[in-house]
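**Q** Turn this into a structure:
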Amino acid sequence: MKKNIAIIMGGYSSEYQISLKSGNVVYETLDASKYNAYRIHIFKDKWVYVDSNDAEFPIDKNDFSVTVNNSKITFDCVFNAIHGSPGEDGFMQGYFKLINMPHTSCDMYQAGITFNKRDCLSVLKPYGIKTAESYFVNLVDTINEDAIVAKVGLPCFVKANKAGSSFGVTKVHKKEDIKNAIEIAFKEDDEIIIESFLEGTEVSVGVISFKGETKVLPITEIVSENDFFDYEAKYLGKSQEITPARLTKDQETEVTAMAKKVYEVLKMKGFSRSEYIFKNGEPHLLEVNTVPGLTKASILPQQAAVAGISLPELFENAIEEAIK
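**A** Modelled structure (predicted):
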């Protein structure tokens, strides 16, 4: 009997358009002989099932069901394709836990901690995970540029603490530009993380739960045409993504072990993609994404392909692991 799969997409953040693309790739890819796929748009003003004619039907939030032509549809599993809030920060995970609904992403705590960059880095540091030097600013704080430069140096990165896809990120080269960069970041979040610039090779490492085991996928090297791996570089073709990465055997072994350690220390499930920069030959963790992009051009599907895992197999495994 075919399983009913709700693919949630959209969300409340600047990443909603990317999420819609990811969700539609999942919708188009799932094996129709095994699954009935339903596109569910999650927005602040509506949760709706969108049918093949783009007609919308409201979701009953009491049990995450939908009624179409007087027939109630319930779901066997949710495929989470929401980047950013509320799909990557723990809110949807908490809701699904309460209604006992299987879903393809990690649990609520893991989503919350990884979505908060500074909390995630703080949790991992005692386990020997190296990171950039960082300085934190909240919306109510007085900005002290001299203290920032003394702590992290120049150039530095000013980032929204809880945002993805490089929204709210600025590379700052001069002290007098820090305040403007902070204002840009505050448009995305009320917490800011300012990090020292790490000069070195940048890599992205996909780690997934695959057939009951933690699997580290082939590593991708990021070569941006821009000053850093910003939105243009990620989504508008302004970068080279080289899989497998051009690393020494020692570098590959070390970053693979570190990415697996991060996944297991945090007790992750489902998909993850973590970013590292090699400084003095050692990988330094930048961040962990728990709902990485799933479009055909996205990094994690590229890595899976090099590992011999097709998109249908990747998505089917996520669903079956969640249900199991």
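**Q** what about I148, distance to H103?
**A** 39 Å (Cβ to Cβ, to the nearest Å). For every residue, glycine as well, the C-beta is placed using N, CA and C.
**Q** neighbour-wise, which of those two wins?
**A** For the pair I148 and H103, the greater number of neighbours falls to H103 (26 against 21), based on other Cβ atoms under 10 Å.
**Q** For that one, which residues count as its bridge partners?
**A** Taking DSSP bridges as the rule, H103 bridges to V78.
**Q** quick one: it from I323, how far?
**A** To I323, H103 is 10 Å away according to Cβ to Cβ.
**Q** Residue ranges in the stretch 51-200 of the chain under the pLDDT threshold?
**A** The stretch 51-200 of the chain contains residues with pLDDT under 70 at 164-166.
**Q** Could I get the full set of strands for the stretch 51-200 of the chain?
**A** 56-60, 65-68, 71-73, 77-80, 134-138, 156-160, 170-172, 191-196 (DSSP state E, counting those that start in this stretch).
**Q** other SSEs contacting the fifth one?
**A** Using 3 or more Cβ pairs under 8 Å, 6 or more residues apart in numbering; DSSP states H and E as the contact criterion, the elements in contact with strand 134-138 are helix 117-124, helix 145-152, strand 191-196.
**Q** same check, this time on the longest one
**A** Contact here means 3+ Cβ pairs under 8 Å, 6+ apart; on that basis strand 191-196 packs against helix 117-124, strand 134-138, helix 145-152, strand 156-160, helix 178-186.
**Q** Can you tell me which of the ones you listed is packed in deepest?
**A** When these are scored by mean count of other Cβ atoms under 10 Å, the highest mean neighbour count falls to strand 156-160 (a mean of 25).
**Q** What angle do helix 117-124 and that strand make with each other?
**A** Here the directions of strand 156-160 and helix 117-124 differ by 110 degrees (axes from the mean of the first three to the mean of the last three Cα atoms, to 10 degrees).
**Q** Partner strands of strand 156-160 and their direction?
**A** Strand 156-160 sits in its sheet next to strand 170-172 (antiparallel), strand 191-196 (antiparallel), going by DSSP bridges.
**Q** Which among those strands is found nearest to G94?
**A** Nearest to G94 among those is strand 191-196 (20.2 Å), distances taken as Cβ to Cβ.
**Q** Pairing partners for the following helix or strand past the closest one, with directions?
**A** Reading on from strand 191-196 to the C-terminus, the next helix or strand found by DSSP states H and E is strand 202-210. The strands that strand 202-210 pairs with in its sheet are strand 213-216 (antiparallel), strand 220-224 (antiparallel), strand 271-279 (antiparallel) (by DSSP bridges).
**Q** Check the ones you listed for me and report the most buried one.
**A** The highest mean neighbour count among those, using mean count of other Cβ under 10 Å, belongs to strand 271-279: a mean of 23.
**Q** burial count for the nearest residue to D76 once chain neighbours are set aside?
**A** Distance criterion Cβ to Cβ, 6 or more residues apart in numbering; nearest residue to D76, sequence neighbours excluded, is K3 at 4.1 Å. K3: 15 surrounding residues under other Cβ under 10 Å.
**Q** Is K3 bridged to anything, and to what?
**A** Counting by DSSP bridges, K3 forms beta bridges with Y35.
**Q** quick revisit: among the helices and strands packed on strand 134-138, which is nearest P292?
**A** When the helices and strands packed on strand 134-138 are compared by Cβ to Cβ, helix 117-124 sits nearest P292, at 15.0 Å.
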